[in-house]
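J.: For reference, the sequence and a predicted model appear below.
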Amino acid sequence: MAALASTTRTIARKWTPHALPLAAKATAAASVHQTRSISETHQTSSFDSPFKGAGAGTKIPSFAAYRNKSGGETGPRVFSYFMVGTMGALASLGAKNTVQDFLVNMSASADVLAQAKVEIDLSAIPEGKNVIIKWRGKPVFIRHRTDAEVQEAEDTKWESLRDPQSDSDRVKKPEWLIMLGVCTHLGCVPIGEAGDFGGWFCPCHGSHYDISGRIRKGPAPLNLEIPEYDFPEEGKVVIG
Amino acid sequence: MTMLARSALRTVRPLGAAARNAASRTATRSASTSSSTAEGTASSWKTNALPAGATLFAIGSVAWYYQMFGRNVDAMTPAEEGLHPTKYPWEHAKWYKTFDHASLRRGFQVYREVCASCHSLSRVPYRAAVGNFMTVDEAKALAEENEYDTEPNNEGEIEKRPGKLSDYLPSPYKNDEAARAANNGALPPDLSLMVKARHGGCDYIFSLLTGYPEEPPAGAVVQEGLNFNPYFPGTGIAMARVLYDDLVEYDDGTKATTSQMAKDVTEFLNWAAEPEMDDRKKMGWKVLAISSVLFALSVWVKRYKWAPIKSRKLVYTPPVQSKILTKLPQPPNKS
Amino acid sequence: MAGLASSIYNALFRRNTVMLGTVFASAFAMQLGFDTGSEKIWNSINQGRQWKDIKHKFMEQAEDDEE
């Protein structure tokens, strides 16, 4: 075992310089340089540090002028917390406003908002008539209902309907029924004054709506939708 | 694989040696320069020659480049370029000033009564005037004076309806071709962004409006159907002088001189091009105020955080060395 | 003075959560104060130039026309 170890050692010794002749030369050269440079520096002066002025020794300045003279710790501590806190507050203010600006940027622009409201003169609509207007690209039905129609809409037993809703929940003034003219089934535009219930009838798949716009028969799942609207003055309605 | 690694090693080793060599050489040189002064002056002249030469070369090449490519090259004659507009001290152009909204109101009146017969302002809706120089009722009344197309009705016909606040100002001509046909082939440009679209901005428009001479100077060639205006590139402009004293009657009693009208309509056109200017300037000042305070605070916090690091002392006390041999049990003294 | 400082410290800065709350509350207050203040300064610099300074003329006029 020992003999084997010694043979490998000798092989290794022989192999290394043989296998890497350049490397060996390089190390040799480097060592020569090193020795030479050391000897040279010895000749010129007593060389210690490559940095200028290092030999003079570092003078440590006095920081006494910066010391807290009041003696107490609380004053400076409150001050430094105040400064850090103010910076945090201002930074969070700026961050909040930046984020807010980006979010506001995503909301509807002024020209869209300007078109989002439609004002309609109601005095031009006689009793018992339908008017269809366009609002945000969708038709809106405005029905000036007669007293008999209002009575009919209110007397209907709405609790048992598919989408139970009382007539008073669907109108702000009983004589004015305002709703989106989009069938809740697949989005056709229903025909007015038609169908089995005296209201609207969708020609696409045969949904029947009553005089309050509630679904009574056919495939549609929901009542006709009511948009946001308001009566700012007598005889005028603003939709949107 | 091993071959590759070995060849890489071969290249690396001599490089390392060379670096070591260079390092030792510089060390010796710096040591020698500090020791002998005569040699020091000689070598300092030599070391200065290189940077000085490099600087001269750099300056020279910049000068050469400038005289080759840096000078203005005018493709057009001064007449084709047009007279540069005079710089006027616009009050609303100051960093901290809004538009003078009374002037905007007068300027809109001038636009409506004078310019609008040829020039469109198609990017400005009536609603923009509300809260800037008109009340809601005035703007609504103005909008209703014009008719706009409705969306197709049940029969697919397009009808006419009175204008609303959300409508844009009407154009005098149906389309560009109609405008050209009515104006001798010259297209009156849309004025919505004109202040931004011309060199000189407000100065140019004011100079152009007020710069028509009584008659073209001697020697100037003015084509048939064109008018002479030195501020217009090419000096021949299809638009004739339109502003004359007392052309409009301002409802706030301001005297409607030519320059007053030109100033008002220029400021109005600047508003049309930059309706956000008032808010933009205010917001800019607020951002500057907040961020300058934030900057000062952050400098303070930086100094606060660095104070202990910059003012600390590091003291190295070497451990007391004791020879390990003394700790060995001594052999008993025989004598 | 020292009593005031220490009471401020104890009330606002001692606990980290309270400090955070203080910072956000003061950010809110600063926003309000800064907006009002800058608005005031801006309006005083631009006295008489903005629509709100001149609109009373035209509002009154419109009312007069109706009468």
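T.: Everything's here; your move.

J.: Spatially nearest residue to B:Glu147 (excluding sequence neighbours)?
T.: B:Lys160 (4.3 Å; Cβ to Cβ, 6 or more residues apart in numbering or on different chains). Glycine gets a C-beta too; all of them are placed from N, C-alpha and C.

J.: Backbone dihedrals for that neighbour, please?
T.: The phi/psi pair for B:Lys160 (degrees, to the nearest 10) reads phi -110, psi 140.

J.: Quick check: it vs chain A, distance?
T.: Counting by Cβ to the nearest Cβ, to the nearest Å, the separation of B:Lys160 from chain A is 15 Å.

J.: which residues of chain C fall in helices?
T.: Here chain C has its helices, by DSSP state H, at C:2-8, C:16-45, C:51-66.

J.: Next: the stretch 1-150 of chain B.
T.: B:2-35, B:37-65, B:78-81, B:101-113, B:126-129, B:136-144 (DSSP state H, counting those that start in this stretch).

J.: Pull up the residues of chain C that are close to chain B.
T.: Counting by Cβ under 8 Å from any Cβ of the partner chain, the positions of chain C adjacent to chain B are C:34, C:38, C:42, C:45-46, C:49-51, C:53-55, C:57-59, C:62.

J.: on that earlier part again, wait, the residue nearest to B:Glu147 sits on B:Glu151?
T.: No - the pair B:Lys160 / B:Glu151 is not scored as a contact, 12.0 Å apart, by Cβ atoms under 8 Å.

J.: interface residues of the stretch 1-150 of chain B facing chain C?
T.: Residues of the stretch 1-150 of chain B lying close to chain C by Cβ under 8 Å from any Cβ are B:96-102, B:105, B:131-135, B:137-138.

J.: which two in the residues you listed are spaced the farthest apart?
T.: Checked with Cβ to Cβ, the residues of the stretch 1-150 of chain B next to chain C reach their widest spread between B:Tyr96 and B:Asp137, with 32.4 Å between them.

J.: out of those two, which sits in the more crowded spot?
T.: Using other Cβ atoms under 10 Å in any protein chain shown as the criterion, B:Tyr96 and B:Asp137 rank with B:Asp137 on top: 15 against 12.

J.: where's the more buried one relative to C:Gln50, distance?
T.: B:Asp137 sits 20 Å away from C:Gln50, taking Cβ to Cβ, to the nearest Å as the criterion.

J.: Same check on A:Asp196?
T.: To C:Gln50, A:Asp196 is 62 Å away according to Cβ to Cβ.

J.: now B:Val315
T.: Going from B:Val315 to C:Gln50 by Cβ to Cβ gives 67 Å.

J.: out of these two, which sits in the more crowded spot?
T.: Ranked by neighbour count (other Cβ under 10 Å), B:Val315 and C:Gln50 place C:Gln50 first, with 18 against 5.

J.: Correct me if wrong: that one contacts C:Asn43.
T.: Yes - counting by Cβ under 8 Å, C:Gln50 touches C:Asn43, with 7.1 Å between them.

J.: Quick check: end-to-end length of stretch B:93-107?
T.: Length of stretch B:93-107, first residue to last, Cα to Cα, to the nearest Å: 16 Å.

J.: I would like the residues contacting it, please.
T.: Residues outside stretch B:93-107 that contact it (Cβ atoms under 8 Å, 6 or more residues apart in numbering or on different chains) are B:91-92, B:132-134, B:202, B:250, B:252, B:254, B:260-261, B:263-271, B:277-278, B:281, B:284-285, C:45-46, C:49-51, C:53-54, C:58.

J.: and those, which are buried?
T.: The neighbour count (16 or more other Cβ atoms under 10 Å in any protein chain shown) marks B:92, B:132-134, B:202, B:250, B:260-261, B:263-271, B:277-278, B:281, B:285, C:46, C:49-51, C:54, C:58 as buried among these.

J.: Intersect those with the contacts of chain A.
T.: Subset of those in contact with chain A: empty, counting by Cβ under 8 Å from any Cβ.

J.: tell me the contacts of A:Ile226?
T.: Neighbour list for A:Ile226: A:Arg170, A:Ile178, A:Met179, A:Leu180, A:Gly213 [criterion: Cβ under 8 Å, 6+ apart].

J.: Repeat the analysis, applying 7 Å as the threshold.
T.: The contact partners of A:Ile226, by Cβ atoms under 7 Å, 6 or more residues apart in numbering or on different chains, come to A:Arg170, A:Ile178, A:Met179.

J.: Test my guess that B:Phe232 contacts B:Gly82.
T.: Yes - if you go by Cβ atoms under 7 Å, B:Phe232 and B:Gly82 touch, sitting 5.6 Å apart.

J.: Tell me the pLDDT of B:Ala38.
T.: Listed pLDDT for B:Ala38 reads 50.

J.: thinking again about what came up before, and B:Thr86, which of the helices of chain C is closest to it?
T.: Relative to B:Thr86, the nearest member of the helices of chain C by Cβ to Cβ is helix C:16-45, separated by 26.6 Å.
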